[in-house]
Structures are given as structure tokens and as C-alpha cells.
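Trainee: missing the sequence, but the structure's below:
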DNA sequence: CCTCAATTGTTCGGGTCTGCAACAAAACTC
DNA sequence: GAGTTTTGTTGCAGACCCGAACAATTGAGG
């Protein structure tokens, strides 16, 4: 972005922008190029762009069946990424941390330049206390009261470890780097085992008073619905979670590796049951989204997780279901889009968790004493 | 609050506090009393308190069957209040504005001192665009596309008119002056013709991207529910709105004046139908609240509107319903309380709409040129 | 009653952040 | 090549806040 653009968009004075850019250049976080004359008269404005060097973050995703790690530079540049399968019965926290450490070391060695590692961001499918990265519960991993941030910090040599909920990070990733870049109030709906929700309110993540906001999976949408693992019945996730979709499609007992891909194959071959299953699931997805539109009045809903792959097939039903439930005014203010980043949303969000702090106070994170 | 308290709570220096308080005293918005020696050694700290003089706001509530106006000073001090019945077929915008003007004049004449009138805050049961006080729709009043702020501004001599949705203002009132004073993330649920919702997020009203946030009345909770005037079926408000309650209680055809009071009378006399109706309605209220707790993770839910009067009778069912739906973690972070302000919540919120701007920049609103 | 400690108000100087205005530099137009 | 337009550069000034030194006011202890 050119300096003069920065000035007009921030409302700050040219002199102020000059000072600030100068400081960032001195920190090595920003590179300034001589501006190319674009069009019209006037001196060309020099272009400042975020250096992808200078600071690196480890981003990690701890799933039941896989572990993914990436090295991410500023601006969301992914240097490298590893995704390794995991056996679901091997999810003990100490095992996971050991494997995470091994993967991280590999990635850090492969970095093109020895940049400053400023921290690690980690996504977990569970209820996480952000302040200290403590996992209250992660039912799918079988975790209960695990101080995962502390464990990671003691195994990896990183200055800082931040942990957050999967869907919250997906939302952050899509908001900063994906489909939600232009949004102000965004809702990210991720198909997972259940359904995860991440909310961006006023261009900032909305966490609720204790970090649990977005547990919409257990929103009651169908009093006659099937029983939910939470003990109640008719929760949204019992209608739109992976299990609901697969059992409707007759894939509940399918023992292959990637049931969602199998479902898509069957759709391609004209399987009526698969189509009907997707149709019904999409309708419930839309109804839940409609509820959320009424309550939160977002300008964008981004659909991701396993729905990333399915969305082209169900966009119409989802929109119809949402429009049916939502009131006209909030409906018209909102666009429903498919995730742009797919599986990377979470990793980029995890990186953002740490990079956001760097951006908020650059000098504090890169060893630099202002003159 | 004493000056030294102010200093420690804001983190500002004593010298800074001195300057700021001095400025506010000069504006006549704050009064400083010599401190009374409380306990322990040390010079007693002078106590600064908000003067209820100096600035007055007109607060108004435009309902189908009544118009209420109040003069409110800083700190939420109500000088005077008039509530006048209205015939429901007399809700034409120009008529309403005329009557509002007449009532306002009466109140302003009765003010003890000729304080500066800094603006008017108005609550309307409808979908309002805040930026210019334009009412998109107010179905109960029969309004459609009414520039009500503009109309009021041209009939009343006030420097500023702000208009907002009823429930949003109730939320603001309870948050600043009532049950939600200690809350950070509050949800205000008001029983009205339907059900209104106001959300406070991070100690600030959450309006959504176009000001419609909180239209939870049409959250789909019961696919088998009765048809809603929005066209859909099973909306929350068809289960918890006034009509649902009264028809369950056999009061739908009751032609008396205040059906809710009649309902309470019948409860007192052991009417089983009344009790069952209230019970079922309360359960649905709780279920919806539980959904909201999952999504928003508030630290407080305040129940008001016509539920203000009923809440003591239904607190138990409401809590049970909410607990059933909400997940443990967010449930434990949340308290459900009854509105403290009752009918005044809306007026105080309306006043706050204008007073909030005064507080944000006092010198700009009270004619004062800094020396 | 006097002295000392504790707490707070008051005053003054200084630091940081930002804006403003004037000037210099680099492009386009005629 | 002169004038216009846009932007970078520089120096100065104002707003805001802090910190330190000092004054004021109280309680505690002898």
C-alpha cells in the first residue's frame, strides 16, 4: 500500500505516517519500494509492504486424526506446511506435544532465512481458556483440563504460545486472509464432527465473557430431533454435523477413509440418497444460519470445515433455508460465501493469534530499543 | 467517586485527573465536594460527583397504546415523567409527533432549573436505522419508512434527535442503570407483543452491521410451532410473545385493559390454566435464552418487558429451560436476572443514547470554548 | 501538644504523539 | 521548459499525559 493511501485511510498526517513507516522499516518488518508512476500527475508515492521476513510464527492444528503444522510469516505468508495423519487412539496430550515438537523442528530447519520466531499459535477442537491456553474439555480428543499451552511451551523453544478454539481460529483466518476480508461482522460456520462457530464482531473476534461464544452447535432447532451427545435433543449439530449427514446418506457404517469424498463421488454418480441427504442437511444448515443472521446481523457468513468441499452442491438450499428464517432487513445486509482458505483457514488464524499481537505493538516483539 | 479512586481505576496520573475534573467542573457537569475523612491517615480525597444539572435530555417511548416522555439529567436522574394512553388507531406518525411535542413542552416547563437541553432520545418498537433515525418498519404502529427523527427535530426545538429500537434501549438502560451494571456482556430479553432483544457486547451495545442485531424473535425454535406473523412458523416469539402467553392462559379473548395483570390475579387465585400457560411459556423463554447463552456467552441475561411483572413466578422454569439447552461452561458464567428498572429501562436507555455522546466529548455538547 | 507517617492535592517541567505549514522532489500537461 | 499536481521532508507547535517535588490534611504515638 502506498504511503499516501495509508495516510488517507488512517486519517493520519503524512508526517506521522512517515515516522511510523520509518520505525517499522528499522525493525525489519516493512520494506519500502520506490513508487512506480501509475497515472496522472504528482510525485509517485513510495509503496510500503509487509515483509514476510523478520518474524515467523508456528501455527498448529491438533485434530483427532491429524496434526498439522506450518511456518507462517507476516501477512499470512505460509513458508511451509506439514500435515501428518494420527491414529485416533493416540491423542494423549503428551504424545501430541511430542509429535508437534518433532514436526516443528523439521519446519524451522527448512526456513529460508533464520527469522525471528516470535511465537506459536495452536488450534484445538475444544473449549479453551485463552488467557493461559488451558483446555477445559476437548471431547473428541478425550482431553479434560489439559494445560496444553504450558506443555507446548516447555517442549518447544518459543517465546510465546497461544491456544484457541478451532472454529474461532477458522473465523479469524477467513476474516484476515480469506473470504471475510471485506466483512466487518462475520460468522464462520465450520462443519466438523459437530458444527463450530466463530464470530467476528466489529472487525474483532467475539469471544464472550469467558471465551465460549459461538457454541451454537447446541442451539435448539428441532425439539423432535435426534438425541445429541450433549444430553439434550434437537441441537443444531445433530442436524448438520458430519454424523447426521453421513447417516442420512447411508454412509454411517462406511469404513473407508474419507467419507465426505465418498459422498461427493456418489453425488457425481447420481446417488439419490446422497443427494437427498445433502439436501436435508443443507436445509438445516441454512435454518441455523438464518437464526444467526437474525441475532447477529452480520454482513457475511462464511461456510467452511467439511462444508468447504460440499458447498457448491448445497449453496442453493442453504440460502433458501436461511432466507426463510431470516428477516428481510438483516438478510439483505448479509452475503453467504464459501470458505476461501479451506483447510488453511485454521492455520492462518492460529498464526494471526500471535501476529496480531506483533502488529499491535511491533517494537515489543522484535528486539528493538527505540533510539 | 473520590479523585484518588478515579486515578487508580483509570490508571491516569493524579495531575491528569485534576485537569480533567477541573474542566468538567468548569462545564458545570461535575460538582466537587470536600472529602470527608473516612478512615486511616492521609489527606481526605475530594469527591467528584456527576451533577444532575447542567444537561438535560428528553427521553421518549412511542408505543401503540401509550406515549411516555421524561426529562432525564446526567447520571440517569429522572426529573419528571408523563405516560399518556393512546388509542391504537391513532398512531399516525404526525399525530404521534404532535402529542410528543405537547408532552415535552409540559415537562420542560416544569424543570426546576433552566438546564441546557442537549437532545432527545426516542425508542420505537420497530426496525430503526440509527444513523439518521429512520424507521424502516414498525409493524405494530403501522409505520413504514418514516423519517421520525427528522419529523421530531422539525417540531421540537432540540439540538439533536436520536432514535433506536425499543429493546436495544431497554438493554442500554438496564446495562447503565439497572440490573446489568456489573455485566460486561449482557443480553436483555423483553416480553413485548413479540419478544425484543438487546445485546451488550464488551460493555457496548452490539448493533450488527446495519443495526438489526437482536431480532431473535424470529429465531426458529419449534418447527412444529404455530404460524408467525413473519410468515414462517415456530419462531421464538410465537412461543413467548404476549399473544402466545395469553392464548395459552385462555385470555386471548379477554377484553379488559391489562391482561398481564389479570393473569397475575388469576395466578393468585390458583387458576390452573393460568399456571400451566405461564409454565409452558417460561420453558420456551428459557430454551431461547439457553440458545443465546451458547451463542453469545454473556455474563448476564436480564429479563424485562412484560416479563418484569411475571418473572418471580417463572424464574425456576426459565432457569431450568436455559440450563437444559446451554452448555455447562457458558451456563456457569451467566446469571439470569429480572429487570430492575421495569418500565423505566427504555426511557433511561433513550436518555443514555444522547448522554453517552455528552460523556464521550463533554466540551462539544455544552457550549464551552476551552480557554 | 508536637512530631512523624500516610495520603492526597498542586504545580511545573518534560516526553510522546500528532498535526500544520512551508519547502523540496518527482511526476504530468501544455 | 514552465506550471500544476501530488507526495516526501522538515521544523515547530499543541494536546495529552506522566513524574517529581512540594504543600495540605489527616491519624498515630509519644
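Mentor: The structure has been received and is ready for your questions. The model shown is predicted, which means the values in this text are computed figures rather than measured ones.
Trainee: what about stretch A:331-342, how long is it end to end?
Mentor: 25 Å (CA to CA, to the nearest Å).
Trainee: how many neighbours does the residue of chain A found nearest DNA strand D have?
Mentor: Closest residue of chain A to DNA strand D, CB to the nearest atom of the strand: residue A:42 (2.2 Å). Placement of C-beta: from N, CA and C, glycine included. Residues contacting residue A:42 under the criterion other CB atoms under 10 Å in any protein chain shown number 9.
Trainee: One more: residue A:264?
Mentor: Using other CB under 10 Å, residue A:264 has 16 other residues around it.
Trainee: Just give me how far stretch A:95-112 sits from the chain centre.
Mentor: 21 Å (CA atoms, centre = their mean, to the nearest Å).
Trainee: For the residue of the stretch 1-150 of chain A found nearest chain B, list the residues it contacts.
Mentor: Going by CB to the nearest CB, chain B is nearest to residue A:127 of the stretch 1-150 of chain A, at 5.5 Å. Neighbouring residues of residue A:127 by CB atoms under 8 Å, 6 or more residues apart in numbering or on different chains: A:135-138, A:165, A:211-212, A:215, B:327, B:329.
Trainee: Repeat that for residue A:208.
Mentor: A:214, B:185, B:296-298, B:330, B:333 are the contacts of residue A:208 under CB under 8 Å, 6+ apart.
Trainee: switch the cut-off to 6 Å
Mentor: residue B:297 (CB atoms under 6 Å, 6 or more residues apart in numbering or on different chains).
Trainee: swap in residue A:222?
Mentor: Here residue A:222 is in contact with A:234, B:223 (criterion: CB under 6 Å, 6+ apart).
Trainee: rerun that using 7 Å as the cut-off
Mentor: A:234, A:239, B:223 (CB atoms under 7 Å, 6 or more residues apart in numbering or on different chains).
Trainee: Can you give me the distance of the spatially most central residue of chain A to DNA strand C?
Mentor: Centroid check for chain A by CA atoms, centre = their mean gives residue A:170 as the closest residue, at 1.3 Å. Relative to DNA strand C, residue A:170 is positioned 32 Å away (criterion: CB to the nearest atom of the strand, to the nearest Å).
Trainee: Now whatever helix or strand residue A:283 lives in: average pLDDT?
Mentor: Element membership for residue A:283, per DSSP states H and E: helix A:272-296. Mean per-residue pLDDT for helix A:272-296: 94.
Trainee: Beyond it, next helix or strand please.
Mentor: Next element after helix A:272-296 (DSSP H and E): strand A:300-305.
Trainee: list the helices and strands that following strand packs on?
Mentor: If you count contacts as 3 or more CB pairs under 7 Å, 6 or more residues apart in numbering or on different chains; DSSP states H and E, strand A:300-305 packs onto helix A:166-177, strand A:186-191, strand A:335-338.
Trainee: by how many degrees do the second one and helix A:166-177 diverge?
Mentor: Looking back up the chat, that one is strand A:186-191. Strand A:186-191 runs at 130 degrees relative to helix A:166-177, counting by axes from the mean of the first three to the mean of the last three CA atoms, to 10 degrees.
Trainee: Just list what strand A:186-191 packs against, helices and strands only.
Mentor: Looks like strand A:186-191 contacts helix A:166-177, strand A:195-201, helix A:272-296, strand A:300-305 (3+ CB pairs under 7 Å, 6+ apart).
Trainee: repeat that for 8 Å
Mentor: Counting contacts by 3 or more CB pairs under 8 Å, 6 or more residues apart in numbering or on different chains; DSSP states H and E, strand A:186-191 packs against helix A:166-177, strand A:195-201, helix A:272-296, strand A:300-305, helix A:307-325.
Trainee: if you compare those, which one is most tucked away?
Mentor: Comparing those by mean neighbour count (mean count of other CB atoms under 10 Å in any protein chain shown), helix A:166-177 comes out on top with a mean of 29.
Trainee: Spell out which residues of the stretch 51-200 of chain A are next to chain B.
Mentor: Proximity of the stretch 51-200 of chain A to chain B, by CB under 8 Å from any CB of the partner chain, involves residues A:127, A:136-137, A:184-185, A:197, A:199.
Trainee: quick one: low-confidence ranges for chain A?
Mentor: A:366-371 (pLDDT under 70).
Trainee: Please name the spatially closest residue to residue A:126 (chain neighbours excluded).
Mentor: Leaving aside its sequence neighbours, residue A:126 sits nearest to residue A:138 (CB to CB, 6 or more residues apart in numbering or on different chains; 2.7 Å).
Trainee: phi, psi of that neighbour?
Mentor: Main-chain torsions, residue A:138, degrees, to the nearest 10: phi -140, psi 90.
Trainee: again, but for residue A:271
Mentor: Torsion angles, degrees, to the nearest 10, at residue A:271: phi -70, psi 120.
Trainee: Can the helix holding residue A:283 be said to contact chain B?
Mentor: Yes. Helix A:272-296 lies within reach of chain B by CB under 8 Å from any CB, at A:287, A:290-292, A:294-296.
Trainee: what does chain A have sitting close to DNA strand D?
Mentor: A:2-4, A:7, A:14-15, A:17-18, A:35, A:40-46 (CB under 7 Å from any atom of the strand).
Trainee: Residue A:82 against residue A:71, yeah?
Mentor: No. Checked against CB atoms under 8 Å, the pair residue A:82 and residue A:71 is beyond contact range at 9.6 Å.
Trainee: who's more crowded, the two?
Mentor: A direct count of neighbours by other CB under 10 Å for residue A:82 and residue A:71 places residue A:71 higher, at 25 against 16.
Trainee: Is it correct that that one falls within a helix?
Mentor: No. Residue A:71 is assigned strand when assessed by DSSP: H, G, I helix; E, B strand; the rest coil, not a helix.
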